[in-house]
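Participant: Below are the sequence and a predicted model; questions follow.
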Amino acid sequence: MNDCTTWDNSQIFTSLNDPKIENTLKLAREKSVALTADANLVAECLTDLRAKEIEAIPAVQNILKECQSIGIELMTVSTYCNCLVSVDAKNEAAKQLLATVSKIFTELGKLSTPVDLFITGASETAITLLKKDSEILDMSFEIDHNRQLRDFMLNNSEEKLTKGLAEDGLHAWGKLYFTLAGNLECNVDGETLGFANASSLLRQGDRPKREAAWKGINAAWEVHSETVASILNSLNGWRLEENQFRSSIKEFHYLDKSCHQSHITRKTLNSLMETTFENRQVGQRAHGAMAKALGIKTLAPWDILSPAPKRGTAGKSYSFSEAIDTIAEAYSGLAPEMGEFVHMMHKKNWIDAKETEARSPGAYCTGFAKQREPRVFMTFDGSMGNVITLAHELGHAYHSWVMRDMPISKTHYAMTTAETASIFGETLVRDFLFEKCQNDDQKFEIAWQDAESAGAMLCNIPARFEFEKSMIEKRKERPLSPSELKEQMGQAWKLWYGDSLSQYDEMYWASKLHFSISQLGFYNYPYLFGYLFSLGIYAQRENFGDDFNQLYIKILRDTGSMNAVDLIKKHLSKSIEEKEFWQGSLDIVEKSVARFERLV
């Protein structure tokens with residue numbers, strides 16, 4: 001696509017050699033040294049916390065505020081580097097700078113370890129006094145949320161050691177995967193393509209080309225199967241060992257850890273997954289209808305991301321500008337300022353969508369913490385699926401944009417509610433396009449997107465969750481071989497996809513990057529959560545009428561200062577711990593699949 005925009009981050013830093021970067025690193029190191037005395041004072045108070053906790057409060061307040069300030073500066077440098085690496089995975093200078101920033105963050109983490117222990121171990125009286133400072137009061141949710149981990153904290157020396165070792169241990173494995181993915185070369189019909197470019201072919205209308213791309217990608221990963229197996233074994237072995245180390249009072253289960261990171265309860269997760277399992281046939285029906293529309297008996301793995309087959313006047317290819325205009329108009333249907341936001345993102349060159357040689361795969365939204373500016377990354381090819389992906393990422397960007405005036409400590413929302421705004425953005429665009437359709441052929445193309453999403457969310461995402469659970473359980477016993485990982489992935493796909501596919505993607509554990517993210521596990525169910533959660537919110541649009549947009553913004557602005565259970569209880573008076581909430585959203589999905597079946 002010739003009209004795709006590329007990032008203009010020159011207002012942030014002019015280049016990797018910008019003196020502001022070196023000044024930021026220098027200041028961060030100096031502040032770290034300056035905070036050492038306060039950190040030592042807090043550490044000393046931990047030896048007899050109840051007797052000395054009041055004495056430690058000023059030092060704790062200072063460390064919290066200074067670490068937040070330094071963190072904002074360092075995150076800005078980190079985001080700048082990540083933007084460069086996303087566009088060119090071979091940018092060694094950016095990767096080296098990222099490693100430097102990561103090292104400083106590790107040192108800051110060790111420095112703030114006594115504060116973490118103070119927060120989890122101090123009395124309510126001390127915490128109340130701590131929050132007398134207005135900046136600390138803004139951190140209330142984070143403080144209270146972290147206090148839930150008090151039974152799983154180690155002592156000061158152990159916590160510092162764990163954080164220090166993780167930099168060149170746990171996180172090094174994650175970095176290895178992304179380096180591997182960025183440099184992977186796939187043979188597709190005799191042509192050598194990077195992983196991102198080969199992956200984009202899975203969304204093309206040429207079925208033989210999709211099959212060739214899928215086989216080329218899996219063959220490329222097969223060469224590195226032992227390496228990726230080592231990455232997964234090391235990541236999950238590390239986490240299991242650390243969780244066991246933290247389980248001296250009671251078990252720190254890997255799902256409890258994930259739920260805490262996601263700002264939900266285990267009851268919520270169980271309710272979500274159980275209700276989805278009971279409705280998995282809806283996703284399987286979507287695949288059956290997609291296969292029928294493609295004129296084949298059953299979908300193959302290389303078909304699940306296929307665009308809708310062309311019918312009549314449908315099957316339009318979008319220029320990037322047309323995609324922007326379409327999304328802006330759809331967003332404006334809810335609120336004019338949403339549409340204006342989309343045009344602003346485009347005009348300011350805050351979206352990078354142009355194909356490059358060593359480009360990272362996938363799409364994401366990030367942002368510059370200091371400037372409070374979002375950025376979107378994807379590889380745009382003009383397909384309807386790509387328009388929806390762009391709407392998804394712009395939904396993320398809008399979420400951060402409506403929070404830009406808030407204290408930064410109130411904007412740290414979890415991955416579950418993060419996916420809510422993105423999928424809400426998708427839904428706005430789909431509904432807008434469907435309403436504009438002039439005939440069934442055009443409606444079919446939009447309904448195809450609904451069916452594809454239903455299949456992905458009710459089959460693919462839960463299969464990822466199932467695989468990760470079974471992999472971790474097996475990893476408790478011993479490391480897994482590539483053949484065992486293939487077998488487990490096949491079993492997970494069979495459980496959720498059933499016979500809706502002709503074969504299963506047994507190399508998915510290698511090709512799907514989410515399994516190798518070192519910072520957190522189970523980056524799968526948050527997509528399902530966000531999908532159904534956003535549909536549950538969207539369903540209230542008619543009930544609230546003109547007040548709905550304000551309700552939506554209030555929900556988004558609260559995502560960083562309360563857990564998801566309290567969020568929906570406050571704004572919609574509903575419980576996401578009960579199956580009823582999820583079933584209501586799944587009923588909406590079923591209706592969209594039934595509509596697609598009728599159009600097929």
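Facilitator: That came in fine, so what should we check first?

Participant: all contacts plus neighbour counts: C-alpha atoms, from now on.
Facilitator: Noted.

Participant: where along the stretch 351-500 of the chain do the strands fall?
Facilitator: 351-352, 364-368, 373-377 (DSSP state E, counting those that start in this stretch).

Participant: and of the ones you listed, who's closest to residue 221?
Facilitator: Set against residue 221 and scored by CA to CA, these come closest in strand 364-368, at 22.5 Å.

Participant: Okay, angle between that closest one and strand 373-377 too, please.
Facilitator: Using axes from the mean of the first three to the mean of the last three CA atoms, to 10 degrees, the direction of strand 364-368 lies 150 degrees away from that of strand 373-377.

Participant: name the helices or strands packed onto strand 364-368?
Facilitator: helix 49-87, strand 373-377, helix 384-401 (3 or more CA pairs under 8 Å, 6 or more residues apart in numbering; DSSP states H and E).

Participant: TSV for the strands of the stretch 351-500 of the chain, including mean neighbour count, distance to residue 460 and mean pLDDT?
Facilitator: TSV is the format used below for the strands of the stretch 351-500 of the chain (neighbours: other CA atoms under 10 Å; distance: least, CA to CA, whole Å; pLDDT from 0 to 100):
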stretch	mean neighbour count	distance to residue 460	mean pLDDT
strand 351-352	22	27	98
strand 364-368	18	19	97
strand 373-377	22	23	98
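
Participant: Now do the contacts for the residue nearest the centre of the chain.
Facilitator: The centre of the chain sits closest to residue 415, judged by CA atoms, centre = their mean, with a distance of 5.6 Å. Residues in contact with residue 415 (CA atoms under 8 Å, 6 or more residues apart in numbering) are 261, 262, 523, 526.

Participant: Can you name the residues bridging to residue 299?
Facilitator: Beta bridges link residue 299 to residue 501, judged by DSSP bridges.

Participant: contacting residues for it?
Facilitator: Applying CA under 8 Å, 6+ apart, the residues contacting residue 299 are 287, 288, 290, 291, 500, 501, 502.

Participant: what about the first one, which helix or strand?
Facilitator: Read that as residue 287. helix 280-294 (DSSP states H and E).

Participant: what does the model give the residue nearest to the centre of the chain for pLDDT?
Facilitator: For residue 415, the pLDDT comes out at 89.

Participant: could you dump the helices and strands packed on strand 364-368 to a markdown table with distance to residue 470?
Facilitator: Listed next are those as a markdown table, based on distance: least, CA to CA, whole Å:
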| stretch | distance to residue 470 |
| --- | --- |
| helix 49-87 | 31 |
| strand 373-377 | 32 |
| helix 384-401 | 30 |
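
Participant: Show me the helices in the stretch 151-300 of the chain, by range?
Facilitator: 156-168, 170-183, 195-200, 207-223, 225-245, 254-262, 266-278, 280-294 (DSSP state H, counting those that start in this stretch).

Participant: now those helices in TSV, with mean pLDDT, distance to residue 519 and mean neighbour count?
Facilitator: Formatted as TSV, the helices of the stretch 151-300 of the chain follow (pLDDT from 0 to 100; distance: least, CA to CA, whole Å; neighbours: other CA atoms under 10 Å):
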stretch	mean pLDDT	distance to residue 519	mean neighbour count
helix 156-168	92	10	15
helix 170-183	94	7	19
helix 195-200	90	22	23
helix 207-223	98	22	19
helix 225-245	98	10	19
helix 254-262	96	11	18
helix 266-278	98	20	18
helix 280-294	98	29	23
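
Participant: Using CSV, lay out the ones you listed together with distance to residue 10.
Facilitator: Shown next, in CSV, are the helices of the stretch 151-300 of the chain (distance: least, CA to CA, whole Å):
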stretch, distance to residue 10
helix 156-168, 30
helix 170-183, 24
helix 195-200, 25
helix 207-223, 35
helix 225-245, 36
helix 254-262, 34
helix 266-278, 42
helix 280-294, 44
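
Participant: among those helices, which is nearest residue 468?
Facilitator: helix 225-245 (9.5 Å).

Participant: Quick check: phi and psi on residue 534?
Facilitator: Main-chain torsions, residue 534, degrees, to the nearest 10: phi -70, psi -40.

Participant: neighbours of it, just the number please.
Facilitator: 21 (other CA atoms under 10 Å).

Participant: what about it, distance to residue 516?
Facilitator: 27 Å (CA to CA, to the nearest Å).

Participant: picking that back up, the helix holding residue 287 relative to helix 266-278, how many degrees between them?
Facilitator: 40 degrees.

Participant: Moving along the chain from helix 280-294, name the first helix or strand you hit.
Facilitator: helix 320-332.

Participant: mind listing the helices for the stretch 401-550 of the chain?
Facilitator: 415-436, 440-455, 461-475, 482-497, 508-511, 525-538, 541-544, 548-558.

Participant: State the mean pLDDT of the third one.
Facilitator: Average pLDDT, helix 461-475: 98.

Participant: And that helix, what's buried?
Facilitator: 461, 462, 463, 464, 465, 466, 467, 468, 469, 471, 472, 475 (16 or more other CA atoms under 10 Å).

Participant: need the contact list for the first one.
Facilitator: Read it as residue 461. Applying CA under 8 Å, 6+ apart, the residues near residue 461 are 524, 525, 527, 528.

Participant: swap in the fourth one?
Facilitator: Residues touching residue 464, when contacts are defined by CA under 8 Å, 6+ apart, comprise 492, 524.

Participant: Which of the buried residues of helix 461-475 sits closest to residue 306?
Facilitator: Of the buried residues of helix 461-475, the one sitting nearest to residue 306 (CA to CA) turns out to be residue 461, at 17.2 Å.

Participant: My guess is residue 289 contacts residue 597. True?
Facilitator: Yes: contact status for residue 289 versus residue 597: in contact at 5.8 Å, counting by CA atoms under 8 Å.

Participant: give me the low-pLDDT residue ranges for the protein?
Facilitator: 1-2, 313-315 (pLDDT under 70).

Participant: related to what we said a few turns ago, in the contacts of residue 461, which residue is surrounded by the most others?
Facilitator: Among the contacts of residue 461, residue 528 has the most neighbours (other CA under 10 Å), with 25 neighbours.

Participant: these two touch, right, residue 356 and residue 87?
Facilitator: Yes: using CA under 8 Å, residue 356 is in contact with residue 87, at 6.5 Å.

Participant: and the two? which has more neighbours close in?
Facilitator: Taking other CA under 10 Å, residue 356 and residue 87 do not tie; residue 87 has more neighbours (25 against 15).

Participant: tell me the contacts of the more buried one?
Facilitator: 356, 358, 359, 360.

Participant: and it, how far is that from residue 138?
Facilitator: Taking CA to CA, one finds residue 87 at 36 Å from residue 138.

Participant: do the same with residue 267
Facilitator: 28 Å.

Participant: cool, and residue 260?
Facilitator: 20 Å.

Participant: And for residue 356?
Facilitator: 42 Å.

Participant: Residue 272 now?
Facilitator: Counting by CA to CA, the gap from residue 272 to residue 138 is 31 Å.
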